[in-house]
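Student: structure for this input, please:
(one chain, ligands or ions: 2)
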Amino acid sequence: MNLYEYQAKQIFARFGIPIPDGDLADTPADAAAVAKKLGGTVVVKAQVLTGGRGKAGGIRLAHSPEEAQDLAADILALSIKGMPVRRLLIDRGVDIAQELYLGMVLDRPGRRVMVMASAAGGVDIEEVAANTPEKIITVPIDPMLGFQSFQAREIASGIGLERPMIRPFTKVCTGLYRALMESDATLAEINPLAITGDGQMLALDGKMVVDDNALYRRPELAAGKDMESESPAEREAHEYGLSYVKLDGYIGCLVNGAGLAMATMDMTKLYGGEPANFLDIGGGARAEKVAAALRIILSDQNVKAILINIFGGITRCDEVARGILAALEEVPTDLPMVARLVGTNEEAGREILAAARMKTATTLNEAARLAVEAAK
Ligand code: GDP
Ligand code: MN
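Tutor: Numbering: from 1, shown residues only. Ligands and ions are numbered 1, 2, ... in the order given. Next up, the predicted model:
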């Protein structure tokens, strides 16, 4: 789960990382009110789950509440990388002397967190990484020891920080590591970490990615999960506890079990097709869950044929068949469908589907071949 800038910064603040004063606004009038409360120059910032907002016109400086109101109206009308702007963060403007980059990311192969830092922070860190990687310092953190202050001094000298900045930088690093660990985040990033004209260090931007598998034990984060950032299909999949990933192909796949779903996608490709999705309905799915899965697949305009592959263990094939028929009553379709049902109650399942004049197959090979043929 990606956090918005304002959510990440709120977490940073709880762990002692200085952030600018600011508040949220959903309308231009709110933006003016926040700007008035803050006084002086403010920065109006689009809250969307993507980087590069600055370059897309989503970050603007306003010198008065009136200007903040006008800019807020402009920014609320924007779509940045396809994401409509629904909310703004209005922060007190800061006199920036230098922009640093500081990121911490889970290094999965290394089984530890890596710190990345650069004196060349700001909007183009990806370019720095691609063209002048030597300007980025990386330091691994020992998971048993956690972040150590000597590491902050090592990084600080590596990116050429002046002596007086070492203490605030150490505080930011320590706070960021705790913020990452205590949020079960796989990424926590500050870009820019600004040094102001009067020598303060402030996190002007914030990005965090929280591990979805840890949300059950971070209810305060899960509550903020932004449903609007999901597509309607993803939202429905979540609601029904389905694992769904949309892909670019045209064979809709409805499968129980993640491994079987992967195998089904591979088999589709083997016969010259392209899967439209990964979809795992899980074990023991009842008819209504199956119906939801089929609705999700049918909502994808690219789908030309549907391949249903069920291995009935605790999942009952007749229950799956009933779910399919229920969905077809709701969303009738002319798309060809091929079902391979084996295991618990397979005869009953096949009978139900045959009565609905659906193609059935007994092996995955046959089912995949028929589905690919039907799509063509
Ligand atoms: P991003 O483009 O999505 O990464 O958005 P950022 O929040 O990083 O903002 C982009 C750039 O806007 C920063 O690198 C700064 O140069 C500038 N910026 C952001 N906040 C302020 C601010 O308070 N004052 C000034 N002068 N510039 C700011
Ligand atoms: Mn940024």
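
Student: and the strands in the stretch 101-250 of the chain?
Tutor: Under the criterion DSSP state E, counting those that start in this stretch, strands of the stretch 101-250 of the chain are mapped to 112-118, 136-141, 185-196, 201-203, 207-210, 243-246.

Student: export the ones you listed as JSON lines, with columns for distance to Ile324 and mean neighbour count.
Tutor: Using the backbone N, CA and C atoms, a C-beta is placed for each residue, glycine as well. Shown next, in JSON lines, are the strands of the stretch 101-250 of the chain (distance: least, Cβ to Cβ, whole Å; neighbours: other Cβ atoms under 10 Å):
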{"stretch": "strand 112-118", "distance to Ile324": "45", "mean neighbour count": "20"}
{"stretch": "strand 136-141", "distance to Ile324": "50", "mean neighbour count": "17"}
{"stretch": "strand 185-196", "distance to Ile324": "37", "mean neighbour count": "23"}
{"stretch": "strand 201-203", "distance to Ile324": "51", "mean neighbour count": "22"}
{"stretch": "strand 207-210", "distance to Ile324": "35", "mean neighbour count": "22"}
{"stretch": "strand 243-246", "distance to Ile324": "16", "mean neighbour count": "16"}
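
Student: could the ones you listed go into a markdown table alongside mean pLDDT and distance to Glu162?
Tutor: A markdown table is the format used below for the strands of the stretch 101-250 of the chain (pLDDT from 0 to 100; distance: least, Cβ to Cβ, whole Å):
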| stretch | mean pLDDT | distance to Glu162 |
| --- | --- | --- |
| strand 112-118 | 97 | 15 |
| strand 136-141 | 96 | 16 |
| strand 185-196 | 97 | 9 |
| strand 201-203 | 98 | 11 |
| strand 207-210 | 95 | 26 |
| strand 243-246 | 92 | 47 |
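
Student: can you lay out these as CSV showing distance to Leu294?
Tutor: Below are the strands of the stretch 101-250 of the chain laid out as CSV (distance: least, Cβ to Cβ, whole Å):
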stretch, distance to Leu294
strand 112-118, 41
strand 136-141, 46
strand 185-196, 33
strand 201-203, 46
strand 207-210, 31
strand 243-246, 12
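
Student: skipping adjacent residues, who's closest to Lys171 in space?
Tutor: Gly16 (6.0 Å; Cβ to Cβ, 6 or more residues apart in numbering).

Student: got the phi and psi for that neighbour?
Tutor: The phi and psi values for Gly16, taken as degrees, to the nearest 10, are phi 80, psi 10.

Student: Leu193 versus that one, what's the distance?
Tutor: Note on Gly16: its distance to Leu193, by Cβ to Cβ, to the nearest Å, is 14 Å.

Student: try Gly199
Tutor: Taken as Cβ to Cβ, the span from Gly199 to Leu193 is 14 Å.

Student: what's the answer for Leu100, then?
Tutor: 4 Å.

Student: common neighbours of the two, please.
Tutor: Counting by Cβ atoms under 8 Å, 6 or more residues apart in numbering, the shared contacts of Leu100 and Leu193 are Gly121.
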